[in-house]
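Colleague: Sharing a model prediction with you, sequence too.
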Amino acid sequence: MLSLVTLNASAQKDELPDGTLAVELQANPFSNDFNTFKMTELKARLWLNNKHVVRFALGFGMDTKKEDTGWNFDSREGSLKGYDIIQQNGTSETNFKEVRLTVGYEYHLAQSGRLDLYVGASAGYEGKYYSGSSESTESWARHGQGSYVPYPNTGSGSYPSASGYYHYPDETREPKQVTITNTTSSTDYSKMSPNGDNNEHSIFANVFTGVDCYIYKGLYIGTELGISFKHGKSENGSYTRISTKTVTDDGTLTVNTEEVYNSATGRTTYRDRLDFINNKSTVSPAVNKSSSSNHLKIYVEPAIRLGWIF
């Protein structure tokens, strides 16, 4: 954790009077993309005396990630009975927010010249909140055989199958019947992301050691190394998907549905937005995300701190 703090003192570490208050802004700009605003923390350190310091921190971070999705399927190669061509394109957006509240204590072991060495402990709450949306379009062209003869037929333009013969109108064996299905979908996610990440609430406890090095007229840089234990619990999420499907064969059929899914129950409810008689509900095995987890890790935070002492 790289620290940069403004003090009303020289580079030599002077003994701070009791009741001294420092306010720091800690930010982490190290990100692999420009959409991420990593955890930023506002911290206050209160010197009870030259050895004992209490600190309070409020952290906040957010991240927006957009992805393009899509795939193609073509079964023409080697097919003599008809084939499918499917093209799908889509986008998804994941919104992530993180909030952290921390209280802690520092015991300053030694001050020598420019250096101030301390150990401490802290505890707090961390919340991770997910939401998102996705849009997709799919075109499915099913090319069927010209006609089907369910009994042996060795005539021109026919080919044997397991249960009979597929007969094509000409020697090219090119299927002539085409069914086109176009589907557009819009999905909103609550307490979960399109990738399946769910909201999580955690409590944590840290023990750490740190050192501040005063470099010039009240400025110092510093770092902290610690061990963190976290106990977290995830929430169940849900999504609502609106889909419009148009099937063109001899005629045209349009279906507009609303699909609602909840991971706690595994229940998916389908509502026909054009014909309310066809509503139905299905239950799949519940993917209950309301579970607990424990994590223990060593950490060094690559953050920048900027602060003022009052």
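Modeller: On my side now, so go ahead. These numbers were taken from a predicted model, which means no experiment stands behind them.
Colleague: and Val207, what is it in contact with?
Modeller: Contacts for Val207 (CB atoms under 8 Å, 6 or more residues apart in numbering) come out as Val119, Gly120, Ala121, Gly226, Ile227. For every residue, glycine as well, the C-beta is placed using N, CA and C.
Colleague: The last one pairs with what?
Modeller: According to DSSP bridges, Val207, Ile298 are recorded as the beta-bridge partners of Ile227.
Colleague: first vs last residue of stretch 209-222, how far apart are they?
Modeller: 11 Å (CA to CA, to the nearest Å).
Colleague: Same check on stretch 182-197?
Modeller: Using CA to CA, the end-to-end distance of stretch 182-197 comes out at 29 Å.
Colleague: Quick check: neighbours of the helix or strand hosting Asp84 in the sheet, parallel or antiparallel?
Modeller: Using DSSP states H and E, Asp84 falls within strand 82-112. With DSSP bridges as the test, strand 82-112 is paired with strand 52-74 (antiparallel), strand 115-144 (antiparallel).
Colleague: list the buried ones in it?
Modeller: Along strand 82-112, these residues count as buried under the neighbour rule (16 or more other CB atoms under 10 Å): 82-83, 85, 88, 90, 92-94, 96, 98-100, 102, 104, 106, 108, 111.
Colleague: same check, this time on stretch 183-200
Modeller: Applying 16+ other CB under 10 Å to stretch 183-200 flags Thr183, Ser185, Thr187, Tyr189, Lys191, Met192, Ser193, Pro194, Asp197, Asn198, Asn199, Glu200 as buried.
Colleague: nearest to Gly222, of those residues?
Modeller: Closest approach between the buried residues of stretch 183-200 and Gly222, by CB to CB: Glu200, at 29.8 Å.
Colleague: Would you mind measuring from that closest one to Glu41?
Modeller: 19 Å (CB to CB, to the nearest Å).
Colleague: And for Ser202?
Modeller: In this view, Ser202 and Glu41 are 16 Å apart by CB to CB.
Colleague: what does Asn95 give?
Modeller: 21 Å.
Colleague: okay but Arg273 is in contact with Thr257, surely?
Modeller: Yes - at 6.4 Å, Arg273 and Thr257 qualify as touching, with contact defined as CB atoms under 8 Å.
Colleague: Please identify every residue contacting each of these two.
Modeller: By CB under 8 Å, 6+ apart, the residues touching both Arg273 and Thr257 are Ile242.
Colleague: Quick one: low-confidence residue ranges for the stretch 51-200 of the chain.
Modeller: Low-confidence segments of the stretch 51-200 of the chain, defined by pLDDT under 70: 76-83, 144-177.
Colleague: if we go to 50?
Modeller: For the stretch 51-200 of the chain, residues meeting the criterion pLDDT under 50 lie at 146-175.
Colleague: Then the stretch 201-310 of the chain?
Modeller: For the stretch 201-310 of the chain (pLDDT under 50), the answer is none.
Colleague: In it, what residue spans correspond to helices?
Modeller: Secondary structure of the stretch 201-310 of the chain (DSSP state H, counting those that start in this stretch): no helices located.
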